[in-house]
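Novice: below is the sequence, then the predicted model.
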Amino acid sequence: MNRRITLAAVIAVTSALALAGCTSSDGSDGPDKGEKTGKSTEKTAQGAAEPQLSVSGGFMPEPVMKDMGGGFLTVTNKGGADKLTSVTSDIAGKTEIHETVDQKMKKADSFDIPANGTLKLERGGNHIMFLGLKKKPAKGDKIAVELHFEKSAPIKAELEVKEATHNPKGH
C-alpha cells in the first residue's frame, strides 16, 4: 500500500513540474503580441540560464538613397547572455550589423545581449545596414530579416518601412 501512495505522489509531483514549465517566468503563456522569440529558458549542466530572446519594435526608415538603408529593432532577453552575430535579408545584396563610433559607422562582428537585458538597435547607434538594395522599399512595405545568434536559434522578424524621419520614443 505504501508503494502505491509513494508512486502516486511521485507522479503528481512530476506532473505539476511539467505543467509549471509550460509558462514563462513572468507567468504568461509566451511572448507579448508582436514579438518573435528564440530559444526558451532552460538550465544547462553548469546551472547557467539559456538565453530567451524576443524581437520587437522593428522598423526601417524609407531609404533616401536607392541602394542602401538602415534597420532598427530591440532584442529582449529574459535568460542568459547571448550575442547577435549577423542579420540576413533578401532585400539587399549584403546585410551587416554596424556600430557608430565617434559619429562614424563601422561594421561590427557582434553585439552583446546581456542576461535579463536588452540590445537596442537605434538611430545614432548600433543598427542593421542594408547594402546594395535590390529594390527601394516604400513606406508601408514589410522587410523580412533573420537574426542570427551565438547560442540561440535564428529569429525571423519584419521591419515595417516608415517615413524617412521616423524616430520612435526609446529609439
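Specialist: Happy to help now that I have it. Numbers count the residues shown, from 1 in each chain.

Novice: from now on I want contacts and neighbour counts done on CA atoms only, so please keep to that.
Specialist: Noted.

Novice: could you point out which residue ranges in this protein have low pLDDT?
Specialist: Under the criterion pLDDT under 70, the flagged ranges of the chain are 1-48, 170-171.

Novice: which parts of it are strands?
Specialist: In chain order, the chain shows strands spanning 36-37, 53-61, 68-77, 82-88, 92-101, 104-107, 111-113, 118-121, 127-133, 142-149, 155-162, with DSSP state E as the criterion.

Novice: partners of the fifth one, with directions?
Specialist: This points to strand 92-101. Its sheet considered, strand 92-101 pairs with strand 104-107 (antiparallel), strand 127-133 (antiparallel) by DSSP bridges.

Novice: most packed of the ones you listed?
Specialist: Mean neighbour counts were taken over these using mean count of other Cα atoms under 10 Å, and the top value, a mean of 21, falls to strand 127-133.

Novice: kindly state the beta-bridge partners for the nearest residue to Lys151 once chain neighbours are set aside.
Specialist: Setting aside the residues directly before and after it, Lys151 is nearest to Asp82 in space (Cα to Cα, 6 or more residues apart in numbering), at 6.1 Å. Beta-bridge partners of Asp82, counted by DSSP bridges, are Ile113.

Novice: count of neighbours near Asp82?
Specialist: Residues within reach of Asp82, counting by other Cα atoms under 10 Å, total 21.

Novice: then Val75?
Specialist: When counting by other Cα under 10 Å, one arrives at 22 neighbours for Val75.
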